[in-house]
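Enquirer: Fold the following, please.
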Amino acid sequence: MNTSPVNAAALPPHRLDPAGGCPHAANARLLAQGAVTPVVLPGEVEGMAVLGHDALKEFLAHPDVAKNARHFASLQDGLIADGWPLKTFATVQGMTTADGADHRRLRSLMSKAFTARRVEELQPRIEALTASLLDGLEGAAVDGVVDLRARFALPLPMGVICELLGVDAGHHDRLHQLSNLIVSTDIGPAEAMAANREMVEVLSAVAAGRAESPGDDLTSALIAAREEDGDRLGPHELIGTLMLTIIAGHETTLNLISNAVRALCTHRDQLALVRSGRASWADVVEETLRWDSPVSYFPFRYPTRDLTLAGTLIPKGTPVLAGYSAAGRDTKAHGAGADRFDVTREGGTRHLSLGHGAHYCMGAPLARMEATIALDQLFARFPDLDLAVPEDELPRHASFVGNGVARLPVRLRG
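Expert: Presented below is the predicted three-dimensional model:
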């Protein structure tokens, strides 16, 4: 029997749709071909995606896989143009693009400011902000219908992460708009570059304000944080860390809450299980993370040598996407019913949607807390809440990175 690795060039590449859309049908087709597949990124850039649960788990923790863009062969060869919509994911300076000792240094500085105690102390504030947003929903509704994404799923995590960072409320809307542009995969070079420049300008102003007048916030703590040898975040690392924290701290939780609401509205039997006490809101959060991951394909990791994964060769220096939404419905890991939303599923936390290995999401406890509180209070206040339009008519966010809807119109009273 031939056990040599499959050459990626021999497989038909999957052309990722820059406009995004629901990935599950394509994921199922790709997974049937194998756990690793070649892809064509915007700008005709060749890459790979790891889709299978077991292969992705191995890949995320593999010692010969790096995050620093110096390992991105096409970028280093000058083949990636400025304004490439995915360039920020590769070149931003921060934890998500650092390796080894550099990554440990940055994560250590971040962890000193982003402790479990600090997250726990946020619970009363999250509960109060959730209640306040719910108070305003009916007033914002037209004929009983309101955009739950704009009025609830977005301002909750954005409000929390900005409060944690010490970012004034006046910046919230613009930071979300810029974040949306940065994670979009269908925008032009000029728009992409302008969004990145403005994001850096806004966050530089935030950092300058906190440096001048420190407060009890994460930005002030990051500026002040030092390791024992006196190391601290450099200016570019600080802005990169703030950018990544803003984007990851609200975009993913926004999608998590929105996707959970969509799932419950279209699976009323599962909602009934929670209401009867046979499942918890935490179960809903974990099953949503698995079944409809907030992130579809996350850029990038790069093999530092030719790497064979799940029988497929990934050449050194290839930009590789982590296929979280595909892995969540991999039948080899989750059984024949992997595409079924089931809040009583055994091993519900057996998913990779918050990462794995050294780069596991530091904000995972905060995201879980926010989503659990949000769903609990939302359905307690509006038990008959339902989608105002058929689920398949909801407009998708224009990105194959984030997995979410652009609007979520709901009828509050069913």
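
Enquirer: And the residue nearest in space to the middle of the chain, how far from residue 402?
Expert: With distances taken as Cα atoms, centre = their mean, residue 252 lies nearest the centre of the chain, 3.9 Å away. Per Cβ to Cβ, to the nearest Å, residue 252 is found 8 Å from residue 402. (Each C-beta comes from the backbone N, C-alpha and C, glycine too.)

Enquirer: Spit out the residues that contact these two alike.
Expert: With contacts taken as Cβ atoms under 8 Å, 6 or more residues apart in numbering, the residues that reach both residue 252 and residue 402 are 294-295.

Enquirer: if we can go back for a sec, who touches the residue nearest to the centre of the chain in this structure?
Expert: Residue 252 sits next to 294-295, 367, 402 when contact means Cβ under 8 Å, 6+ apart.

Enquirer: One more: residue 247?
Expert: Counted by Cβ under 8 Å, 6+ apart, residue 247 has contacts 179, 182-183.

Enquirer: Secondary structure element for it, which one?
Expert: In the assignment (DSSP states H and E), residue 247 maps to helix 235-265.

Enquirer: Distance from the chain centre to that helix, please.
Expert: Distance, stretch centre to chain centre, for helix 235-265: 6 Å (Cα atoms, centre = their mean, to the nearest Å).

Enquirer: and after it, which helix or strand comes next?
Expert: Helix 235-265 is succeeded, C-terminally, by helix 268-275 (DSSP H and E).

Enquirer: same for that following helix, what does it pack against?
Expert: helix 235-265, helix 281-291, helix 364-381 (3 or more Cβ pairs under 8 Å, 6 or more residues apart in numbering; DSSP states H and E).

Enquirer: which residues are in contact with that helix?
Expert: So helix 268-275 is in contact with 263-265, 279-281, 283-284, 341-344, 379, 383, going by Cβ under 8 Å, 6+ apart.

Enquirer: With stretch 365-376 instead?
Expert: 116, 119, 122-123, 126-127, 130, 152-153, 156-157, 160, 249, 252-253, 256-257, 260-261, 264, 281-282, 284-285, 288, 354, 361.

Enquirer: Quick check: PyMOL command selecting the buried ones in those residues.
Expert: If you want just the buried ones from those in PyMOL, going by 16 or more other Cβ atoms under 10 Å, the selection is:
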select buried, resi 119+122+126+130+152+153+156+157+160+249+252+253+256+257+260+261+264+281+282+284+285+288+354+361
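
Enquirer: and the nearest residue to residue 211 once chain neighbours are set aside, which of the three is it?
Expert: Leaving aside its sequence neighbours, residue 211 sits nearest to residue 223 (Cβ to Cβ, 6 or more residues apart in numbering; 5.5 Å). Following DSSP: H, G, I helix; E, B strand; the rest coil, residue 223 is assigned to helix.

Enquirer: same check, this time on residue 362
Expert: Applying three-state DSSP: residue 362 is coil.

Enquirer: That one and residue 244, how far apart?
Expert: Distance from residue 362 to residue 244, by Cβ to Cβ: 10 Å.

Enquirer: Run through the neighbouring helices and strands of the helix or strand where residue 108 lies.
Expert: Assigned by DSSP H and E, residue 108 belongs to helix 100-113. Counting contacts by 3+ Cβ pairs under 8 Å, 6+ apart, helix 100-113 packs against helix 218-224, helix 235-265.

Enquirer: Flag the shaky bits of the protein, pLDDT-wise.
Expert: In the prediction, the chain carries residues with pLDDT under 70 at positions 1-11, 112-114, 226-231, 347-349, 414.

Enquirer: what are the ranges of the strands in it?
Expert: 6-7, 14-15, 36-41, 45-50, 65-66, 145-147, 297-303, 307-309, 312-314, 320-323, 386-387, 409-411 (DSSP state E).

Enquirer: okay, those in TSV with distance to residue 84 and mean neighbour count next?
Expert: Formatted as TSV, the strands of the chain follow (distance: least, Cβ to Cβ, whole Å; neighbours: other Cβ atoms under 10 Å):
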stretch	distance to residue 84	mean neighbour count
strand 6-7	26	13
strand 14-15	16	15
strand 36-41	9	22
strand 45-50	7	24
strand 65-66	19	22
strand 145-147	31	20
strand 297-303	11	25
strand 307-309	24	19
strand 312-314	21	22
strand 320-323	15	26
strand 386-387	36	17
strand 409-411	34	21
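
Enquirer: Can you get me a residue count around the residue nearest to residue 246 when sequence neighbours are not counted?
Expert: Nearest-residue entry for residue 246: residue 175, 5.8 Å, with adjacent residues in sequence omitted and distances by Cβ to Cβ, 6+ apart. Number of residues near residue 175 (other Cβ atoms under 10 Å) recorded here: 25.

Enquirer: I'd guessed residue 175 sits against residue 243; true?
Expert: No - judged on Cβ atoms under 8 Å, residue 175 makes no contact with residue 243 at a distance of 9.4 Å.

Enquirer: what's near enough to touch residue 185?
Expert: 16, 18-20, 42, 85-86, 398-401.

Enquirer: switch the cut-off to 6 Å
Expert: Residues in contact with residue 185, defined by Cβ atoms under 6 Å, 6 or more residues apart in numbering, are 18, 42, 85, 399-400.

Enquirer: Who wins on neighbours among the residues you listed?
Expert: residue 400 (30 neighbours).

Enquirer: how much space between residue 208 and residue 46?
Expert: Distance, residue 208 to residue 46, by Cβ to Cβ: 41 Å.

Enquirer: now swap in residue 353 and tell me
Expert: Residue 353 sits 26 Å away from residue 46, going by Cβ to Cβ.

Enquirer: same question, residue 320
Expert: In terms of Cβ to Cβ, residue 320 sits 11 Å off from residue 46.

Enquirer: Pull out the buried positions in the helix holding residue 247.
Expert: Under the neighbour-count criterion of 16+ other Cβ under 10 Å, helix 235-265 has 237-265 buried.

Enquirer: next one: stretch 65-79
Expert: 65-69, 71-75.

Enquirer: now do stretch 96-103
Expert: So stretch 96-103, judged by 16+ other Cβ under 10 Å, has buried residues 96-99, 103.
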